[in-house]
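Below are the sequence and a predicted model for it; my questions follow.
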Amino acid sequence: AIASNSLIAQTAWIRELPIDGTLGSIIQTSDGGYALLANTYDKSIRENIIKYDENGELEWLKTLTLKDDTDFRIHNFIQTSDDGYILIGKSYLQAGGECFVMKTDAFGDTIFTRSIYYEGMNHYNSFHRVVEYAPGDYAILGGKTQSSKDWYIHRFNTEGDLVKIDYEEPFYDVNNYVFKKTEEGRLLIVRNNENPNHCIKDYEYNTIVENNHSIVTDYLHQDNQGGFFRLSRTSFPTFGSYDLPEVYDEYLIKYDNNLDSLWSFNIDTYLQSGVQGLMFGGMTATSDGGYAFCTYVWNIYFEAVFFIKTDEYGNIVHWYGYDGDPWYPFKMATGLFETPDGGFVTFIGSYEGSGDLYLIKTKADGTLNIDDYKKDEFILSVYPNPCSEHVNISFAKKFSGIIKITNINGQNLINTNINNQISKTIDISNFTSGIYFCNIYNQSGNIIYNKKLIKQ
């Protein structure tokens, strides 16, 4: 099955986002496309939602705001049954912050925002997890945290009314708490605290399945066999004076649908020569019964993103690294989705500081054929950038294809053919100031250049 997938999934692409920022999160949308979250900094932190279709074409970008331009952070978001989005997190309108929820339509335009403030000493307020129980019935987990550690399940309707608040047990580690819907439409609650408790409940919180074995709950997902799998994300140990990080024992664990473990696989075998540590950022069960992961790897000399494909028992089938290329210096990945042709899509960038962000699609074995995308093979220069009246595109050799200029909402503003030409000048004098995209396609329809263009 893996070999046939490798033959099918021959398309791969790289899309640079129209903003420089910090890596957020990614979800797959009901139309087969992807919605991405990333924050940027302009006097204060800005949260942005960016929508791409299944082929990696930009559809729209929206910068989100709260009342009075309040600073805020988004911790979780989902697409809702009406094709809009629910985004939740923490705002900074007052001391300790506020729990906030934002509902948008299918194009990222805000329908409503709501905030809840819990008073108390030495705590902060935040929403952390969200599911849609039924159309228009949104359940949001969060509350006041830190010294009090009290979370509640808040039920909002489609108009933004707070319908009810259900008490949920205190938590002890925000990073080790799962609150999601299963494919069967049940509620999966997993917590790792002083009294580990892992359960599947109905929407009235009646327990269907319960287990009390202690597991780290980072990245618990359903697989394709009706059960679950989990692979921990390693912590960053203290480096000190460039000391090599300590490598922890971590395991890929397979569970049945009652949350009983069936087998485990020590992922130390994933540490190839020269790799001192790894942190998993995206994972998925695959159609052939195996698993795929995107991971950040490092030692004191390098850091890069690697793709790992395993069989149904965790043994490595493919291992591929995205490093050393001057045009696409990938550093961190989040989210991983299998595509209909057996390839994979992930969101890549940096968690530290502002930098280039990319949405990429790989082939079935994780390869990108990145030589096909190198700028200097096709493009000599695109200048000036920033520009005001014209932009000049010079090719390294005579080139035939299509040049498209789009705005950040994905609208096609210029579409011009070039035939066996060494250069092209494009008039953009009627454009308003802002950010645009220059996309160049070869005669096969493959995009070979995708970069931001700034109009002054």
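Perfect, I can see it now.

can you give me the helices for the stretch 51-200 of the chain?
In the stretch 51-200 of the chain, no segments count as helices under DSSP state H, counting those that start in this stretch.

residue boundaries of the strands in it?
58-64, 72-79, 85-91, 98-104, 110-116, 123-134, 137-146, 150-157, 162-167, 177-181, 187-191, 197-201 (DSSP state E, counting those that start in this stretch).

need these in JSON lines with mean neighbour count and distance to Ile360, can you?
All C-beta atoms are positioned from the backbone trio N, CA, C, and that covers glycine. Output for the strands of the stretch 51-200 of the chain, formatted as JSON lines (neighbours: other Cβ atoms under 10 Å; distance: least, Cβ to Cβ, whole Å):
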{"stretch": "strand 58-64", "mean neighbour count": "19", "distance to Ile360": "14"}
{"stretch": "strand 72-79", "mean neighbour count": "20", "distance to Ile360": "21"}
{"stretch": "strand 85-91", "mean neighbour count": "23", "distance to Ile360": "22"}
{"stretch": "strand 98-104", "mean neighbour count": "24", "distance to Ile360": "25"}
{"stretch": "strand 110-116", "mean neighbour count": "17", "distance to Ile360": "29"}
{"stretch": "strand 123-134", "mean neighbour count": "20", "distance to Ile360": "27"}
{"stretch": "strand 137-146", "mean neighbour count": "22", "distance to Ile360": "31"}
{"stretch": "strand 150-157", "mean neighbour count": "19", "distance to Ile360": "35"}
{"stretch": "strand 162-167", "mean neighbour count": "12", "distance to Ile360": "40"}
{"stretch": "strand 177-181", "mean neighbour count": "19", "distance to Ile360": "25"}
{"stretch": "strand 187-191", "mean neighbour count": "21", "distance to Ile360": "29"}
{"stretch": "strand 197-201", "mean neighbour count": "18", "distance to Ile360": "34"}
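
would TSV of those strands with distance to Tyr320 and mean pLDDT be doable?
As requested, these are arranged in TSV below (distance: least, Cβ to Cβ, whole Å; pLDDT from 0 to 100):
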stretch	distance to Tyr320	mean pLDDT
strand 58-64	26	90
strand 72-79	29	91
strand 85-91	32	92
strand 98-104	36	92
strand 110-116	40	92
strand 123-134	32	84
strand 137-146	36	80
strand 150-157	40	84
strand 162-167	45	82
strand 177-181	29	67
strand 187-191	31	64
strand 197-201	34	61
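
And these: which comes nearest Lys309?
Lys309 sits nearest to strand 177-181 of all the strands of the stretch 51-200 of the chain, at 24.2 Å, using Cβ to Cβ.

tell me the contacts of Gly143?
Gly143 is in contact with Cys99, Tyr118, Asn125, Ser126, Asp150, Trp151, Tyr152, counting by Cβ atoms under 8 Å, 6 or more residues apart in numbering.

Can you name the residues that contact the third one?
Contacts were defined as Cβ under 8 Å, 6+ apart; by that measure Asn125 touches Lys90, Gly96, Gly97, Glu98, Cys99, Ile116, Tyr117, Tyr118, Gly142, Gly143, Lys144, Thr145.

what's the closest of those to Ile447?
Distances from Ile447 to the contacts of Asn125, taken by Cβ to Cβ, are shortest for Lys90, at 37.3 Å.

Distance to Tyr41 for the strands of the stretch 51-200 of the chain - can I get that in a markdown table?
Listed next are the strands of the stretch 51-200 of the chain as a markdown table, based on distance: least, Cβ to Cβ, whole Å:
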| stretch | distance to Tyr41 |
| --- | --- |
| strand 58-64 | 12 |
| strand 72-79 | 13 |
| strand 85-91 | 17 |
| strand 98-104 | 20 |
| strand 110-116 | 21 |
| strand 123-134 | 20 |
| strand 137-146 | 25 |
| strand 150-157 | 30 |
| strand 162-167 | 32 |
| strand 177-181 | 29 |
| strand 187-191 | 34 |
| strand 197-201 | 38 |
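
Please identify which of the ones you listed is closest to Ile348.
For the strands of the stretch 51-200 of the chain, proximity to Ile348 was assessed by Cβ to Cβ; strand 58-64 is nearest, at 16.0 Å.

Residues in contact with the closest one: which ones?
Strand 58-64 is contacted from outside by 15, 18-19, 33, 40, 46-53, 74, 87, 102, 104, 107-110, 406, 408-410, 437, using Cβ under 8 Å, 6+ apart.

Any of those residues buried? List them.
Buried subset of the contacts of strand 58-64 (neighbour count, 16 or more other Cβ atoms under 10 Å): 15, 18-19, 33, 40, 46-52, 74, 87, 102, 104, 108, 110, 406, 408, 410, 437.

From Ile165, how far off is Ile447?
Ile447 sits 48 Å away from Ile165, going by Cβ to Cβ, to the nearest Å.

All set now, cheers.
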